[in-house]
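Asks: quick one: sequence plus predicted model below, questions after.
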Amino acid sequence: MEQHELEDLNYRTANGVAWVTLNRPDTHNALSTRMRADLQTIWREVRRDDSVRCVVLTGSGDKAFCSGIDRSELNDEPGRFDPYSYDDLGAQIGPKSNGLWKPVIAAVNGMACGGAAYLLGESEFIIAAEHATFFDPHVTYGMPAVYEPILLIGRMSFGDLTRMSLLGASERMSATTAKGSGLVSEVVPADALPDAARWAAETIAAQPALPVQTTVRSLWAARRLGYQDALDMGNVLLAAGNDPDAFAAGQSDFRGRVRQEPRLR
C-alpha cells in the first residue's frame, strides 16, 4: 500500500485501487485553491501509474462529500466577469478534463452540492450512503447554475435536474430519489459505503487494464459525440484496446475453467 497525505487531500493505494479523499471536513470538503491544484496533480499522476487501475473518490467525515468551490477564496465583486478570458475552475478538478480514462467511482458520504458536480459528472458511477443529499444552491445565492447541470445532463432525468437547479438551496434530493433519477447507482448504509466502493473498485481493478480503459473511453465518446461519430470511432478504440493475452485468458474463463459467482444488485 502506498499512502500520501497532502494538506487538503489524502491519497493511498491498495490492491490496484487509488483512494482519493477530499480532506477539509471543517468546510464540508469545499474545493480550496490548494485542493484543486492537488486534484489536478493526482489525476495526472494516476494516469501514468500502471499499478492503479481504478479510483475511489470520497470525502472525509460523514457530513459531506463536497460542498463545491470554496467561495471564501473567490472575488465576488460584481461586474468583473469576462466570458472571453474566464478559465472554468472545473477544468482543474475533473478526472476526464485531465485525461484520466481509468474508472473513477464516487463514494458520496454526505452532502454533495454545487461544484461537487464537477467531480460527480466526471465519475463513472456513484455509490451513495443512505444519508447523502444532492442540491445546487446557485440560484438561491444570485448565481446561474450553468456548468453543474451541463455536467449532470446525461446522468439523471431532465425533470429532476431542472428541479434541483431551479429550487436551489430550498430542497435537497435524497440518495433514494437520486438513485431513482439515475444519478446514483447504489445506496447503502453509511457504515457499508467504504466496503461497497472497495468491492466495486477492486473487482474492476482485477480485470485487464487495457480493455477496461478502452471501455471507459468508448462510453465517454458515446456520451460526448454524436451517435454516428461514436460508431465511426469504434474500430479505432477496438484496435487500441485489443490485448491478445487478456483476450486469450478471458476466452479460457468463458469456456468454464474459471467461474466467478456474480453479485445481484
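Replies: The structure has been received and is ready for your questions.
Asks: so where do the helices sit in this structure?
Replies: 33-48, 90-93, 117-120, 147-152, 158-167, 175-181, 193-205, 209-224, 227-240, 244-254 (DSSP state H).
Asks: out of these, flag the one nearest S72.
Replies: helix 33-48 (10.4 Å; C-beta to C-beta). Any C-beta I mention is one placed from the backbone N, CA and C, and that applies to glycine too.
Asks: take the closest one, keep the C-alpha atoms, and write them as CSV.
Replies: Taking Å, rounded to 0.1, in the frame of the first residue of the first chain, the C-alpha atoms of helix 33-48 are listed here in CSV:
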residue,chain,number,x,y,z
THR,A,33,-7.3,26.5,-4.4
ARG,A,34,-4.8,24.1,-3.0
MET,A,35,-7.2,21.2,-3.2
ARG,A,36,-8.0,21.9,-6.8
ALA,A,37,-4.3,22.0,-7.7
ASP,A,38,-3.7,18.8,-5.8
LEU,A,39,-6.6,17.0,-7.6
GLN,A,40,-5.1,18.0,-11.0
THR,A,41,-1.7,16.7,-9.9
ILE,A,42,-3.3,13.4,-8.6
TRP,A,43,-5.3,12.8,-11.8
ARG,A,44,-2.2,13.3,-13.9
GLU,A,45,-0.1,11.0,-11.7
VAL,A,46,-2.7,8.3,-11.7
ARG,A,47,-2.9,8.5,-15.4
ARG,A,48,0.7,7.4,-15.7
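Asks: now do it: which elements does it pack against?
Replies: If contacts are counted by 3 or more C-beta pairs under 8 Å, 6 or more residues apart in numbering; DSSP states H and E, helix 33-48 sits against strand 9-14, strand 17-22, helix 90-93.
Asks: by contact count, what packs against the second one?
Replies: Contact here means 3+ C-beta pairs under 8 Å, 6+ apart; on that basis strand 17-22 packs against strand 9-14, helix 33-48, strand 54-59, helix 193-205.
Asks: how about the last one?
Replies: In terms of contacts (3+ C-beta pairs under 8 Å, 6+ apart), helix 90-93 is packed against helix 33-48, helix 117-120.
Asks: what's the most buried one of those?
Replies: For the helices and strands packed on helix 90-93, the largest average neighbour count (mean count of other C-beta atoms under 10 Å) is found in helix 117-120, namely a mean of 26.
Asks: nearest residue to A37 other than its sequence neighbours?
Replies: Of all residues not flanking A37 in the chain, Q92 sits nearest, at 6.9 Å (C-beta to C-beta, 6 or more residues apart in numbering).
Asks: ok, S174 next?
Replies: According to C-beta to C-beta, 6+ apart, the nearest residue to S174 is T133 (6.2 Å).
Asks: my guess is the one you found meets T176, correct?
Replies: No. Applying C-beta atoms under 8 Å as the test, T133 and T176 come out as separate, 10.5 Å apart.
Asks: still on that earlier bit, tell me which of the helices of the chain lies nearest to G16.
Replies: Nearest of the helices of the chain to G16, taken as C-beta to C-beta: helix 193-205 at 3.3 Å.
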